[in-house]
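Trainee: sequence below, structure please.
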Amino acid sequence: MSSKTCSIFECQRSSRGLCDCCNQHLCLYHLNEHNQLLALKLNPLMDDTTRLVDQINELISQNSTQHQQFDHLLFIKIEQQKESIVNLEKKLSQFILHGETTQNDIDSIRLTINNLQRTVHQIERIYFKTENNSISLDESMMQLRKLCTQEFNASIFSHVYKIIKPPSESYRSLAANDRFLLIHQRPELCLLDRDLKIVKSVRWSHDIIHNINWSSVLKQFIILTTNVVYLLDPNTMFIRTIMKTDDKRFWSSSCFNDRLFVTTNSWGSSVMEIALAPQIKFIKKWESPVTCSTDEFIDDIVVDNETLCFLIRNGQKQSIRMELRSIRTFKRLWSIDLDLLYNQTASFHCCSLGDCQEWLIADSLAGRFLQITSDGHLKQTFPYNAQPNRICFFGSNRLIITTKATLNIYKM
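Mentor: Take a look at the predicted model:
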């Protein structure tokens, strides 16, 4: 007989198990009730999948640009997506038929749908640009090949396009949008154009810069320091404060749509969610043990495609792992232990590889990169001729790697 009672208010029944969706001990009646609520979440997912099928069928019916090679590549990519969607439909149908699922199942399906929606949208965009002659056929073929292969090519590191050497003691954080790159060259913040020429600058007289993000919603750069979050307007280079803290020290941050996520500089790191629109305000805070255990520290956070990616160090085990979580529920989708040397003073950083839906981790101690697949497996490692620190994409065809002394720019 269970010694625990059901966690639901005023329910006196004995607990029969830990509920997957709410992480509470529930009686059989409320376990069944929560399972039914989870099952109800499957129908909207099936609706999303049906809409994807309609989009794919519409693309199939329109697939004719009078360019045979392009049409062939387009057909291959459409068929790949159609096969993925059909398999997803079968999986959802089985869940609905049996009326049984878990929150992890739902989060995983939602992640798959988001990835498929993004890829189908990219196919549509390339097709219509080609059909309307708004981009050249060569450019269309290049974009479609990239989408078809979905591979990150490490050979780009064999030739550096340009090297920037900031003054010593410059902070290595940086961020970019399609037009500009923001970097710190002590004592100034500098805005660089696509030709990597400084077009604007402003003196930085504030605290240590831990991270910089670009907000597409605010159309401004977000600068994270130890106790203050700032905004920088690239048009005026005006800097203003949007958030302060006295009891917590900020460490890392990432921006996605109208949300900013910030981690704290402490063991048992917390994660704060901040709304950027329609007004800037604090939303919620996740704390240990939901974020990580009390002997763990979140080195880096990256938000992409409705997911949160964490690099987490464990002080007791002296190990480092990568976790992917749902941005909606904070549930863990997968986790992988990383073959990285543990050093309490060295931090690790990663970035999303975008269309590949994979991840790149900079191993600053061993002088190499680790590439992680979209489902949480090590795909490959490859050496680097320096100690990489930060990774940043500048537009769609440039990758920037920061080291202790340089910013190395590569053409994709």
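
Trainee: give the residue spans of the stretch 1-150 of the chain that score low on pLDDT.
Mentor: By pLDDT under 70, the low-scoring segments of the stretch 1-150 of the chain are 1-3, 20-23, 63-73, 76, 129-130, 132-135, 141-142, 144-150.

Trainee: correction: the stretch 151-300 of the chain
Mentor: Short version for the stretch 151-300 of the chain, where the test is pLDDT under 70: 151.

Trainee: show me where it has its strands.
Mentor: Using DSSP state E, counting those that start in this stretch, the strands of the stretch 151-300 of the chain run over residues 162-164, 175-176, 181-185, 188-192, 198-203, 211-215, 220-224, 228-232, 239-244, 250-256, 259-264, 271-275, 281-286, 296-304.

Trainee: got TSV for these, with distance to Ser136 too?
Mentor: Where C-beta positions appear, they are placed from N, C-alpha and C, glycine not excepted. Listed next are these as TSV, based on distance: least, Cβ to Cβ, whole Å:
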stretch	distance to Ser136
strand 162-164	26
strand 175-176	25
strand 181-185	26
strand 188-192	27
strand 198-203	28
strand 211-215	28
strand 220-224	32
strand 228-232	35
strand 239-244	40
strand 250-256	32
strand 259-264	37
strand 271-275	41
strand 281-286	44
strand 296-304	29
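
Trainee: which of these has the highest mean neighbour count?
Mentor: Scoring the strands of the stretch 151-300 of the chain by mean neighbour count under mean count of other Cβ atoms under 10 Å gives strand 220-224 as the most buried, with a mean of 25.

Trainee: and the contacts of that strand?
Mentor: 173, 175, 182, 189, 209-215, 229-234, 239, 242, 250, 252-253, 255, 260, 262 (Cβ atoms under 8 Å, 6 or more residues apart in numbering).

Trainee: nearest spatial neighbour of Gln143, skipping sequence neighbours?
Mentor: Closest residue to Gln143 apart from its sequence neighbours, by Cβ to Cβ, 6 or more residues apart in numbering: Ile126 at 5.1 Å.

Trainee: and that neighbour, that one's in a helix?
Mentor: Yes: counting by DSSP: H, G, I helix; E, B strand; the rest coil, Ile126 is found in a helix.

Trainee: ok, Val120 - how many residues close by?
Mentor: Other residues lying near Val120 total 21 when counted by other Cβ atoms under 10 Å.

Trainee: pretty sure it belongs to a helix, no?
Mentor: Yes: Val120 sits within a helix when classified using three-state DSSP.

Trainee: might one say that it is in contact with Asp54?
Mentor: No: with contact defined as Cβ atoms under 8 Å, Val120 does not reach Asp54; the gap is 10.4 Å.

Trainee: find the helix or strand that the closest residue to Leu59 other than its chain neighbours is a member of.
Mentor: Nearest residue to Leu59, sequence neighbours excluded (Cβ to Cβ, 6+ apart): Ile78, at 5.4 Å. With elements taken from DSSP states H and E, the one containing Ile78 is helix 68-98.

Trainee: that helix: which residues count as buried?
Mentor: Residues of helix 68-98 classed as buried: Phe70, Leu73, Leu74, Lys77, Ile78, Gln81, Lys82, Ser84, Ile85, Leu88, Leu92, Phe95 (neighbour count, 16 or more other Cβ atoms under 10 Å).

Trainee: out of these, which one sits closest to Ser374?
Mentor: Ser84 (12.1 Å; Cβ to Cβ).

Trainee: the closest one touches Leu116, doesn't it?
Mentor: Yes: between Ser84 and Leu116 there is a contact at 6.1 Å, judged by Cβ under 8 Å.

Trainee: identify the bridge partners of Ile312.
Mentor: Ile298, Arg321 (DSSP bridges).

Trainee: right, and it touches Arg325 too?
Mentor: No: when contacts are counted by Cβ under 8 Å, Ile312 is not listed as touching Arg325 (10.9 Å).
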